[in-house]
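Asks: Fold the following, please.
(4 chains)
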Number of protein chains: 2
Amino acid sequence: MSSISSGAGPRGGRTRPTANDVAKAAGVSRSAVSFAFNSPEKLSTATRDRILAAAQELSYVPNTLARMLKAGQTQSLGVLLPQNLAKVMENPYYARFLTGVGQVCDEQGYTLLLTPPLRDSMLKAIPYAAVDGFIVCGLEHDRGEVAELRRRGIPFVLVDSSPHQDVSSVDVDDEGGAYEVMRHVLDLGHRRIALLSIDPGPEHAERGYRGPLARRIAGITRALGESGMGLGDLELVEVPATRMDGFRAAKALMASAPPTAVVAMSDILAFGAVDAMHDLGLNVPGDVTVTGYDDLPESSWTRPRLTTIRQAITTKGRTAADLLFSAMRDEDQHPHQLLGTHLVVRDSSSRPGRTGLSG
Amino acid sequence: MSSISSGAGPRGGRTRPTANDVAKAAGVSRSAVSFAFNSPEKLSTATRDRILAAAQELSYVPNTLARMLKAGQTQSLGVLLPQNLAKVMENPYYARFLTGVGQVCDEQGYTLLLTPPLRDSMLKAIPYAAVDGFIVCGLEHDRGEVAELRRRGIPFVLVDSSPHQDVSSVDVDDEGGAYEVMRHVLDLGHRRIALLSIDPGPEHAERGYRGPLARRIAGITRALGESGMGLGDLELVEVPATRMDGFRAAKALMASAPPTAVVAMSDILAFGAVDAMHDLGLNVPGDVTVTGYDDLPESSWTRPRLTTIRQAITTKGRTAADLLFSAMRDEDQHPHQLLGTHLVVRDSSSRPGRTGLSG
DNA sequence: CTGAAAGCGCTTACAG
DNA sequence: CTGAAAGCGCTTACAG
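Replies: Predicted coordinates:
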């Protein structure tokens, strides 16, 4: 179906030389050619030099894919992503996460294969990824992708999922983090609070909240309960986690039912909310408190510096890659890691203002 | 050498089922199994179902590497990087660049293989990358890596290199950009200027400045010349392009020979320089003018908003990927693209201050 | 509609 | 020190 004339590689026209061609040119067998590259000590210096010279002459180089097939190893780590590459690369959260994964790949001499959904399907992407193992982002253990990975015998580790036996995973104490930030806002005296949350996706209608989002909602509910409130007392908005969506949602909120505090479930959303307040001529936190979640590096640079929940995103990436490498070596290991969170109080939160916004 | 027992894949213990196993189980030939997956219309419904059932039963799935080898295609795009993965992922410049590359990969249904140096060698990394083509970052056409790619018959495109016949490339008008920013600083009246530049690496000693850095130096020299100055009249500092290095270098500068303006060759360095000024209790631009280069998104958020040279980094990534895909289809095409730059004047530059910092 | 055979390139025991 | 052979798994004309 492809336009490749001889199946000889990505280049149509002239076909690449093979070990056979070199063998003929050097007057030796195919194995001798292989030895020249892989076990030079098995050959006489003269023969080896003759072979290498012939290879040089013909521009021969052993085929990468054939070597990998034979070796059963790719020296590449996959990251199975729930979003398009463009969106992932734009997202500072992933920049941090992939920095952690990258640290381990650098140590191990592995390349990193970013695998986004293929035609909107993470499942369809899997057969096209030549990797020794997968870091799977944001999928629960009962998803089809996980079954497919198991079927293929590819080691993997789940990140931002839920701990489950027979599956390695790295998770974060989202319940505790969400509890803490909501507790903080309530303790400041806020009662008219908007929850700027992340769109749970299409699965939500059927299955309700799952994974990290479910845990965060639980933490928030717990904090509210301690103050005699419930989730229903919040203004809940769910949008994709982009700065622009945060901006728009916050604007809409302020136009309809202005809260004294906006609790955002990601720093990116909080940045957008702060943008919106500034755009409306409102002071943060004087007029409105805004809190984030993640503690991206940007959160301590921007003005006002953001009150947020710190999760060690780079450590999460590092840990996931570490677990994966140990799973690749040692099968039937299914360790879990739980990473902590903590509240970082900066300048974007304060007691409810008295600036007459009490619309 | 590896711990794999049967060469059957990354998992040591039980070996994966092959098409042969399925054929036996379903009582058909190996080709029938292949047809069941690839050309179901060639089989009777009954046979196909029987094969698929057997495959299901055995957890058989066609091997990714074997398919790629046979097809001569990987559906993966490589990016050959001059730095470790961790450094790349931390660098907002690459976040922008890879966003552009990612847009094209998303459209084409390609995965993205990030290929950092292997044991400090970009050349050594190439044989381990199973890709249909490479985007090569920051290498001149006469480098060994380029020869290796050519030898392997892998299509590639050079980015931030220098236009050269027989090689596709995407370049930026660095000469013009550097000229403009230095012109701007000179026009404001600055004469005691520090150039906070990017470390040209070990090759520099032998070969002098090359590629983008050479062009930027040329642009700066041209601007200086128009004011009767030369490169020697500048305080030149060369450091790796990180925020921390910018911070340290700026501090050192202010301690030894304080300039009235710091012209940085990247926004990241400029951010670090601004950090340093704030740390020293100095006002930017009141006490010291600081300019950047790149116009990262952050540059318009931070205070003061950064005066800088805008280069369309995402477009650069997009263009490189576009050229690469056309090269992968149509060999012997070697187009060049030159992208423009322009000065963005914001709040970090002004006339030299009168605040008595004058040495 | 099906099966034996060749081939994608490479590697590695094994016998000489 | 060398060479014929089997094998890593898969796919696809080709002849029945």
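
Asks: Return the residues of the stretch 101-250 of chain A in contact with chain B.
Replies: A:101-103, A:105-106, A:109, A:111-116, A:118-119, A:125, A:127-130, A:132-133, A:148, A:151-155 (CB under 8 Å from any CB of the partner chain). From N, CA and C alone the C-beta is placed, and that goes for glycine too.

Asks: could you flag which of those residues are buried?
Replies: A:101-103, A:105-106, A:111-116, A:118, A:125, A:127-130, A:132-133, A:148, A:151-155 (16 or more other CB atoms under 10 Å in any protein chain shown).

Asks: Show me the residues of the stretch 101-250 of chain A next to chain B that map onto strands.
Replies: A:111-115, A:133 (DSSP state E).

Asks: so what pLDDT did A:V181 get?
Replies: pLDDT, A:V181: 98.

Asks: does any part of stretch A:55-73 sit near DNA strand C?
Replies: Yes - on the criterion CB under 7 Å from any atom of the strand, stretch A:55-73 is in touch with DNA strand C at A:60-63, A:66-67, A:69-71.

Asks: out of those, who has the most neighbours?
Replies: A:Y60 (24 neighbours; other CB atoms under 10 Å in any protein chain shown).

Asks: residues from chain A in reach of DNA strand C?
Replies: A:6-9, A:15-16, A:18-20, A:30-31, A:33-35, A:37-39, A:60-63, A:66-67, A:69-71.

Asks: Give me the subset of those residues that lies in helices.
Replies: A:19-20, A:30-31, A:33-35, A:37-38, A:66-67, A:69-71 (DSSP state H).

Asks: export these to CSV and tack on pLDDT?
Replies: Formatted as CSV, these follow (pLDDT from 0 to 100):
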residue, pLDDT
A:A19, 83
A:N20, 79
A:R30, 80
A:S31, 82
A:V33, 84
A:S34, 85
A:F35, 84
A:F37, 83
A:N38, 81
A:A66, 91
A:R67, 91
A:L69, 90
A:K70, 88
A:A71, 89
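
Asks: got the contact list for A:A327?
Replies: Shown in contact with A:A327 (CB atoms under 8 Å, 6 or more residues apart in numbering or on different chains): A:133, A:155-157, A:168, A:333-334.

Asks: any idea which of these is closest to DNA strand D?
Replies: Nearest to DNA strand D among the contacts of A:A327: A:P155, at 15.6 Å, using CB to the nearest atom of the strand.

Asks: didn't A:A55 look like it was pressed against A:A36?
Replies: Yes - if you go by CB atoms under 8 Å, A:A55 and A:A36 touch, sitting 7.2 Å apart.

Asks: What helix or strand is A:H342 located in?
Replies: Using DSSP states H and E, A:H342 maps to strand A:341-344.

Asks: Buried residues of that strand, list them for me.
Replies: So for strand A:341-344, counting by 16+ other CB under 10 Å, buried means A:341, A:343-344.

Asks: Relative to A:G225, which of the residues you listed is nearest.
Replies: Using CB to CB, A:L343 comes nearest to A:G225 of the buried residues of strand A:341-344, at 18.5 Å.

Asks: Distance check, the closest one against chain B.
Replies: A:L343 sits 24 Å away from chain B, going by CB to the nearest CB, to the nearest Å.

Asks: Next up, the contacts around A:M182.
Replies: A:193, A:219-220, A:223-224, A:263.

Asks: repeat that with 7 Å
Replies: Shown in contact with A:M182 (CB atoms under 7 Å, 6 or more residues apart in numbering or on different chains): A:219-220, A:223-224, A:263.

Asks: with these in mind, which one is nearest to DNA strand D?
Replies: A:G219 (45.5 Å).

Asks: Tell me both backbone torsions, phi and psi, for the nearest residue to A:R152 once chain neighbours are set aside.
Replies: Among residues not flanking A:R152 along the chain, B:V61 sits closest, at 5.4 Å (CB to CB, 6 or more residues apart in numbering or on different chains). Main-chain torsions, B:V61, degrees, to the nearest 10: phi -150, psi 130.

Asks: quick one: B:V61 and DNA strand D, what's the gap?
Replies: 7 Å (CB to the nearest atom of the strand, to the nearest Å).

Asks: does chain B sit close to stretch A:283-297?
Replies: No - where contact is defined by CB under 7 Å from any CB of the partner chain, no part of stretch A:283-297 touches chain B; the two come within 9.1 Å at best.

Asks: Do me a favour and get the end-to-end distance for that stretch?
Replies: One end of stretch A:283-297 to the other measures 22 Å (CA to CA, to the nearest Å).

Asks: What are the buried residues along that stretch?
Replies: Buried residues in stretch A:283-297, counted by 16+ other CB under 10 Å: A:284-285, A:287-296.

Asks: what mean pLDDT does it have?
Replies: On average, stretch A:283-297 scores 96.

Asks: what sits up against that stretch?
Replies: With CB under 7 Å, 6+ apart, stretch A:283-297 has contacts from A:92-93, A:96, A:177, A:181, A:185, A:188, A:190, A:260-267, A:270, A:273-274, A:277, A:282, A:299, A:304, A:306-311, A:313, A:344, A:348-350, A:353, A:355, A:357.

Asks: do the same with stretch A:72-84
Replies: So stretch A:72-84 is contacted by A:68, A:88, A:101, A:105, A:109-116, A:122, A:129-138, A:145, A:321, A:324, B:2, B:4, B:7-10, B:106, B:113, B:128, B:130 (CB under 7 Å, 6+ apart).

Asks: Can you give me the first-to-last residue distance of it?
Replies: Distance between the boundary residues of stretch A:72-84 (CA to CA) amounts to 29 Å.

Asks: Residue numbers of chain A in contact with DNA strand D?
Replies: Contacts of chain A with DNA strand D, taken as CB under 7 Å from any atom of the strand, map to A:1, A:28-32, A:35, A:41-44, A:47, A:66, A:69-70, A:72.

Asks: Show me which of the residues you listed are buried.
Replies: Buried among those (16+ other CB under 10 Å): A:28, A:32, A:35, A:43, A:47, A:69, A:72.

Asks: Can you read off the pLDDT for the second one?
Replies: At A:A32, the predicted lDDT confidence score is 84.

Asks: could you list every residue that touches A:Q108?
Replies: Contacts for A:Q108 (CB under 7 Å, 6+ apart) come out as A:F325.
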